[in-house]
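Colleague: what's the 3D shape of this:
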Amino acid sequence: MIGWDDASMAKCLLEMLEANGGFVAKETVAARLPHLDDSEIARVVAMHVPDAVESEVAGIPCWKRLQLPESFAEHLRETAANLREMGFYTTLDNVNLALSVRYGKNFRTAYGLEEDGAFRKFLSKYTLLAKLPPLVDETWNQKKSQASVVKPRSWTRFRDLGIPIGARLEFTGAPNITVIVVDDSRTVEYKGRRSRISTLATSLLNEHNGSALAYVSGGNHFRYDGETLYERRMRLESGKTNPEDCDND
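Modeller: Alright, predicted model coming up:
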């Protein structure tokens, strides 16, 4: 259609999002831009409206615009550089940890990016626009054999976080739900059944939110002593012994 370049299509999409409170049904977008198929619409979104993500409202596929902090792209660039400088690989968990510390809230939870696939797609759009190296490091297996590369620090046991067997963890989605740490390899007990902490987090989120998430990281969704497990990990690895120390930065 004559006159429809990327800029005008992006403007049209932004107007629809603004008019509908940050949401617009995909079928509405398709009706306004009938000359584009789904892949072309996704390309325009990725290049020109990177803070718009795929979502569902009442079962209807939508585009949703996130209310991201100002200068988020630059913050992401700094986050990636800082992680690499400290010897961390830029995995989904590590990027979320760093962004959560920066903004004072669990980034993925705050912006509805709990599912790994959604968070990966969101990050890939920004890394493309900012011309950053891929944030999700897919070459860890090759790099770990190189003596010059620092192995990324990652908690594999509750003891790494100072959490003893028998401790109670609180589910962030419903504070009345608690689980018991039963061994040192991320296994917890809930209602008499044992499961891996991420498996249980995914099940509880789907049950309480009516969602259909395939997988979430359990460390983002359980608290111990007032901190999520990933917040606790980041604090301990930064050398801070008390949660209050993080508030004084």
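Colleague: Helices of this structure, start to end?
Modeller: 6-19, 26-32, 38-48, 72-85, 92-103, 107-110, 116-130, 140-143, 197-209, 229-237, 243-247 (DSSP state H).
Colleague: average pLDDT for the fourth one?
Modeller: Just to be clear, that refers to helix 72-85. For helix 72-85, mean pLDDT is 78.
Colleague: ok, residue 44 touching residue 36?
Modeller: Yes: applying CB atoms under 8 Å, one finds residue 44 in contact with residue 36, separated by 7.4 Å. In this view, the C-beta of every residue, glycine as well, is placed from N, C-alpha and C.
Colleague: overlap in contacts of those two?
Modeller: Common neighbours of residue 44 and residue 36 (criterion: CB atoms under 8 Å, 6 or more residues apart in numbering): residue 9.
Colleague: shaky segments in the chain?
Modeller: 1-4, 85-87, 127-156, 211-215, 239-249 (pLDDT under 70).
Colleague: Check the spacing between the spatially most central residue of it and residue 84 real quick.
Modeller: Closest residue to the average C-alpha location of the chain: residue 108 at 3.5 Å, with CA atoms, centre = their mean. Distance, residue 108 to residue 84, using CB to CB, to the nearest Å: 20 Å.
Colleague: Please apply the same query to residue 90.
Modeller: Distance, residue 90 to residue 84, by CB to CB: 7 Å.
Colleague: Of the two, give the one with the bigger neighbour count.
Modeller: The neighbour count for residue 90 versus residue 84, taken as other CB atoms under 10 Å, is higher for residue 90 (22 against 14).
Colleague: The more buried one is in contact with residue 77, isn't it?
Modeller: No: the criterion here is CB under 8 Å, and residue 90 misses it with residue 77 at 11.5 Å.
Colleague: quick one: residue 177 and residue 205 touch, right?
Modeller: No: applying CB under 8 Å as the test, residue 177 and residue 205 come out as separate, 11.1 Å apart.
Colleague: higher neighbour count, the two?
Modeller: Neighbours per residue (other CB under 10 Å) separate residue 177 from residue 205, with residue 205 holding more: 23 against 16.
Colleague: out of residue 44 and residue 36, which sits in the busier spot?
Modeller: Shown here are residue 44 and residue 36; by other CB under 10 Å, residue 44 has more neighbours (20 against 17).
Colleague: Without its sequence neighbours, what residue ends up closest to the more buried one?
Modeller: Leaving aside its sequence neighbours, residue 44 sits nearest to residue 9 (CB to CB, 6 or more residues apart in numbering; 5.1 Å).
Colleague: before we move on, what about residue 114?
Modeller: residue 216 (4.8 Å).
Colleague: could you check the distance from that neighbour over to residue 227?
Modeller: Taking CB to CB, one finds residue 216 at 18 Å from residue 227.
Colleague: Spell out which residues make up each domain of this protein.
Modeller: 6-65, 72-143, 158-239 (automatic domain parsing).
Colleague: Residue 216 and residue 227 - which one has more neighbours?
Modeller: Remark: of residue 216 and residue 227, residue 216 carries more neighbours, 24 against 17, as counted by other CB under 10 Å.
Colleague: Could you pull up phi and psi at the residue lying closest to residue 111 once chain neighbours are set aside?
Modeller: Nearest non-adjacent residue to residue 111, counting by CB to CB, 6+ apart: residue 66, 5.0 Å away. Residue 66 adopts backbone torsions of phi -80, psi 140, taken as degrees, to the nearest 10.
Colleague: contacting residues around residue 66?
Modeller: Residue 66 neighbours (CB under 8 Å, 6+ apart): 51-53, 111-112.
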